[in-house]
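Asker: when you get a sec, could you give me coordinates for this:
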Amino acid sequence: MSMVTYIGLNFPVEINDDYTEEDVNITYVFSESEDRQIVMNQHFTTLFVYELETKGDHIWDMHNDKKILSPHNYEKSKRTFLQVCDFLKRILPKGDYCEIYICWNGEEAEDSKKKLDLKLEQIPIEQIEIYEKCLITLKN
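Answerer: Next up is the predicted model:
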């Protein structure tokens with residue numbers, strides 16, 4: 001099984017299946033259309049669902065346990081999350097939002113364990129904890 005980071009947007013984006021040098025991409029890697037439909041129905045209010053691919057460490061490792069047990073990897077996860085936020089600032093129109101949901105492939109229908117509602121311009125990076133089954137709403 002693979003951990004999947006889903007992203008919900010209110011507008012369609014073109015999927016590029018080719019390798020890019022970008023730190024953050026919107027793509028389909030692990031999920032099937034049925035998985036994305038479950039996430040859309042169960043967790044998202046947005047109109048389109050994709051997968052978020054990052055080249056850095058996983059954002060679901062940005063929590064206090066990781067900060068204590070592996071501070072170096074925590075910092076890498078934090079850096080990746082900030083890259084995601086920078087990417088979203090570029091693609092999200094002002095006043096719009098996106099949703100991110102992280103879970104193991106096959107566990108899309110399970111309830112989220114944590115919900116975060118954040119503004120891209122005011123990310124309290126040191127207070128954020130992201131685990132699997134976390135639903136994040138990011139507003140631009």
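Asker: any residues touching the helix or strand of the chain with the lowest mean pLDDT, and which ones?
Answerer: Within the chain, no helix or strand scores below strand 24-27, which has a mean of 84 by mean pLDDT, DSSP states H and E. Strand 24-27 is contacted from outside by 7, 9, 13, 15-17, 50-55, 83-84, 87, using CB atoms under 8 Å, 6 or more residues apart in numbering. C-beta coordinates here come from the backbone N, C-alpha and C atoms, glycine included.
Asker: tell me, what residue is most central in the chain?
Answerer: Nearest to the mean C-alpha position of the chain, by CA atoms, centre = their mean, lies Ile100 at 4.0 Å.
Asker: and that one, that one's in a strand?
Answerer: Yes. When classified by DSSP: H, G, I helix; E, B strand; the rest coil, Ile100 is found to be part of a strand.
Asker: now do the strands in this structure.
Answerer: Counting by DSSP state E, residue ranges of the strands within the chain are 3-9, 24-27, 48-54, 97-104, 114-119, 134-139.
Asker: now tell me which of the ones you listed the model trusts least on average.
Answerer: In terms of mean pLDDT, the lowest-scoring of those is strand 24-27 (a mean of 84).
Asker: give the buried residues for it.
Answerer: Val24, Asn25, Ile26, Thr27 (16 or more other CB atoms under 10 Å).
Asker: what's the closest of the residues you listed to Lys76?
Answerer: Set against Lys76, the nearest of these by CB to CB is Val24 (14.4 Å).
Asker: quickly list what the closest one is bridged to.
Answerer: Beta-bridge partners of Val24, counted by DSSP bridges, are Thr54.
Asker: and it, how far from Lys113?
Answerer: 24 Å (CB to CB, to the nearest Å).
Asker: and if you look at Val13?
Answerer: Between Val13 and Lys113 the computed distance is 28 Å (CB to CB).
Asker: what's the answer for Glu121, then?
Answerer: Computed as CB to CB, the Glu121 to Lys113 distance reads 27 Å.
Asker: just Val39 next, same as before
Answerer: Remark: distance between Val39 and Lys113 (CB to CB) = 15 Å.
Asker: more neighbours: which of these two?
Answerer: Val39 (22 against 11; other CB atoms under 10 Å).
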